[in-house]
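Colleague: Provide a 3D model corresponding to the input given below.
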Amino acid sequence: MRLLDSQLSLENESGGSFIGASKGRVKGLAEDIDATRILLVDHRSSFCDSMNEALQQRGLLIDTARGTNAMETPALARDYSLVLLNSMQLGAAGLSAVRSIRRKTNAPLLVLTERDSVALRLAGLELGASDYLVKPFTMPQLLARIRALARNSVARPQPILWLDDLEINERDATCSRDGKDLGLTRMEFVLLLALLRNQGRVMSRETLAREVWGTEFDPATNAINVAILRLRNKVDAPFDVKLLHTVRGKGYVLELRSGS
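Modeller: Have a look, this model is predicted:
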């Protein structure tokens, strides 16, 4: 029961083996994680296809991001129970991939790698990887890791939220960008937190008024515009890459845009 780069070899409960995934679903191993939606990231289509088919057979919902620009996929801004990164080598490129993914999503990140280097694995964990699984491994091992990470992400929401180099720690009520404390007031922190929790989604002034200030929006005042301006001066002004954007006639959105 070994999972290889060139093909996916699984065994059924009776010991018979087959390549790829069979038609129909094998019961038992993953019935308790049917609602888990996974994003599979890999630059090689062959591995994505094999893994995608095998996990779907187990009742999991799979999206894939593949190709040389896989790390830039807009899908990373969506809500996933888990991100599964296939990294051939856990070197500089692998660590860069971990960093890139973690800047775009707070979902648990499981890295599949060929190198069992303690130092590199620790470096990856420090950059935001949730766990590593070294090849070759069995499908039950993979499903067990997926189950544990998905369960823990529901039971213990992550106190730290990221977008690119912007980081908010809800527990400590701190916020930094590129490692520098932004010095936000309490109201600015709450406003940025609301935008970050909804990153990639336009938030209207009416919604912000209710969620941040607990009041109905008053079009006769420019309080929200002023608050956004002050927040932008701290979050965006000192940095080349802009994250807080105005959507004319609709509201505001916090997101990483290509070329911004």
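Colleague: what number of residues lie near F137?
Modeller: Neighbour count for F137, taken as other C-beta atoms under 10 Å: 16. Heads up, the C-betas are built off the backbone N, CA and C, glycines and all.
Colleague: That should have said V202, apologies.
Modeller: 15.
Colleague: dump the residue contacts of it.
Modeller: V202 sits next to 247, 250-253 when contact means C-beta atoms under 8 Å, 6 or more residues apart in numbering.
Colleague: can you tell me how far the residue nearest the centre of the chain sits from E126?
Modeller: Residue closest to the mean C-alpha point of the chain, counted by C-alpha atoms, centre = their mean, is T105 at 2.7 Å. From T105 across to E126, the span is 17 Å (C-beta to C-beta, to the nearest Å).
Colleague: Ok, A237 next?
Modeller: 29 Å.
Colleague: what does T64 give?
Modeller: 27 Å.
Colleague: cool, A148 as well?
Modeller: 20 Å.
Colleague: Pick out whichever of these two has more residues nearby.
Modeller: A148 (15 against 10).
Colleague: What is the three-state secondary structure of the more buried one?
Modeller: helix (DSSP: H, G, I helix; E, B strand; the rest coil).
Colleague: Leaving out the residues flanking it, which one is nearest to A227?
Modeller: In space, A227 comes closest to L191 once its chain neighbours are excluded; the distance is 5.9 Å by C-beta to C-beta, 6 or more residues apart in numbering.
Colleague: Tell me who's in contact with that neighbour.
Modeller: Contacts of L191 (C-beta under 8 Å, 6+ apart): 208, 212, 227-228, 231.
Colleague: ok, so of those, who is nearest D165?
Modeller: L231 (16.3 Å; C-beta to C-beta).
Colleague: Figure out the helix or strand that the nearest residue to the closest one once chain neighbours are set aside lives in.
Modeller: Spatial nearest neighbour of L231, excluding adjacent residues (C-beta to C-beta, 6+ apart): E188 at 5.2 Å. Element membership of E188, judged by DSSP states H and E, is helix 186-197.
Colleague: now do D49
Modeller: helix 45-57.
Colleague: Can you name the element that comes right after that helix?
Modeller: strand 61-66.
Colleague: which regions of this structure sit below the pLDDT cut-off?
Modeller: 1-35, 45, 67-78, 88-91, 116-117, 153-159, 259-260 (pLDDT under 70).
Colleague: how is it carved up into domains?
Modeller: Domain segmentation of the chain under automatic domain parsing yields 9-156, 161-254.
Colleague: looking at those, which is buried most?
Modeller: domain 9-156 (a mean of 17; mean count of other C-beta atoms under 10 Å).
Colleague: Who are the contact partners of R37?
Modeller: 60-63, 79-82.
Colleague: Specify the beta-bridge partners of it.
Modeller: L61 (DSSP bridges).
Colleague: Then the one 4 residues further on?
Modeller: With beta bridges defined as DSSP bridges, V41 has these partners: A65, L85.
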